[in-house]
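Visitor: Provided below for reference: sequence and predicted model.
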Amino acid sequence: MTIYNFSAGPAVLPKEVLQQAQAELPDWHGSGMSVMEMSHRGKEYMGIHAQAEADLRELMGIPANYKVLFLQGGAHLQFSMIPLNLLRGKASADYVNTGEWSKKAIAEAKKFGGVNVVADSGDKNFSYVPAFDTWKRDPNAAYLHYIANETIGGVEFNWIPQIGDVPLVADMSSNILSRPVDVSKFGLIYAGAQKNIGPAGLTLVIVRDDLIGQAAANTPTMLDYKIHADTDSMYNTPPTYAIYMAGLVFQWLKNNGGIAAMERVNIAKAKLLYDAIDASNGFYHCPVNKADRSMMNVPFTLKDANLDSEFLKLADARGLLQLKGHRSVGGMRASIYNAMPLAGVQALVDFMNEFARKSY
Ligand SMILES: *Cc1c(COP(=O)(O)O)cnc(C)c1O
């Protein structure tokens, strides 16, 4: 039986990448060592590290005046590092609140300075992205922060806010590399790796040069972007194996046509699944405003929540795994990241149609 893993994260990785990692595990390229065992200062690992960065730069078209940092601590640590580094003596920053991850970022930022919530979709249970012309921005904000894709609520920005000179900061943990993005529109982009990049333990930060080197006094050394930028993310021991795995994923993306090709498949996958939900005569329901539906995380409920456990049990038996929704929202959630093939979404849709017919 083919297994399809719809986990929100850690999430599915490309089969080819896992197979390559398996083949290279005990002896990387004749070095006699596993990548896990290599000194991070040795020439083999330094090559792996530099290649991963170069491939990511090529894939995303990252301009030369941006640093790519391979850090640890997850997206959660960025909720602190961003205000510590980017407030730069200013009183406050702007935050958009579109759901669970927004709330966590906002709560953390409040420990370091003022937070001005420019818009909040809590009035409709975080089921939409507030229209830009309703945002109450502060022209003196140190930066504006938003969650590009709310992984739990399944709400995605399908547009980039245009905010002039105020640095734009985006958490792209769950949609990075899923579609082309103009990096030059951003001051800083960050992402935990375990959704669309590689294994857990690596956090990617892409930050514009001029925003580095102005951290608050008393910022711990490890939380200052400058130390990591100055040392090519090798101030301390980087998460070497996770970076190696991310590098294999970047090569897989390049071998499969890059991000534009990935976007075409992602659009097809999302359409297949949302169409099935919308055509189910209310048996399945997605609570998210259509224009703001996530291409990566598809939350849906069954018309009768008493059917949830039966749905999950039968899906499991078919090899369709990890469909249970986040504990804070219930229902179901199918995460369909880059590494989820169209065939996996087709198998899910076939099962959903069958289940709905049987349960009527
Ligand atoms: C998963 C996720 C996080 C948390 O990531 P960690 O690596 O666990 O800290 C933050 N933001 C978004 C949008 C996420 O999807």
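Guide: Great, that's in hand.

Visitor: Up against the ligand, what does the stretch 151-300 of the chain have?
Guide: When proximity is defined by C-beta under 6 Å from any ligand atom, the stretch 151-300 of the chain lies next to the ligand at 151, 171, 173, 174, 192, 195. Where you see a C-beta, it was placed from the backbone N, CA and C, and this is true even at glycine.

Visitor: Which of the residues you listed fall in strands?
Guide: 171, 192 (DSSP state E).

Visitor: Pick out the most distant pair among the residues of the stretch 151-300 of the chain next to the ligand.
Guide: Pairwise distances across these peak at 11.0 Å for 171 and 195 (criterion: C-beta to C-beta).

Visitor: of these two, who's got more company?
Guide: Taking other C-beta atoms under 10 Å, residue 171 and residue 195 do not tie; residue 195 has more neighbours (30 against 27).

Visitor: contacting residues around that one?
Guide: By C-beta atoms under 8 Å, 6 or more residues apart in numbering, residue 195 lies in contact with 8, 9, 10, 11, 151, 173, 174, 176, 296, 335, 337.

Visitor: Please indicate which of the residues you listed are buried?
Guide: Among the contacts of residue 195, those scoring as buried are 8, 9, 11, 151, 173, 174, 176, 296, 335, 337 (criterion: 16 or more other C-beta atoms under 10 Å).

Visitor: what about the residue of the stretch 151-300 of the chain at minimum distance from the ligand, neighbour count?
Guide: In the stretch 151-300 of the chain, the residue that lies nearest the ligand is residue 192 (2.9 Å; C-beta to the nearest ligand atom). By other C-beta under 10 Å, 26 other residues sit near residue 192.

Visitor: residues touching it, list them.
Guide: For residue 192, the contacting residues are 9, 74, 75, 76, 173, 200, 202, 203, by C-beta under 8 Å, 6+ apart.

Visitor: Start and end of stretch 226-240, how far apart?
Guide: 20 Å (C-alpha to C-alpha, to the nearest Å).

Visitor: for stretch 275-292, same thing?
Guide: Counting by C-alpha to C-alpha, you get 15 Å between the two ends of stretch 275-292.
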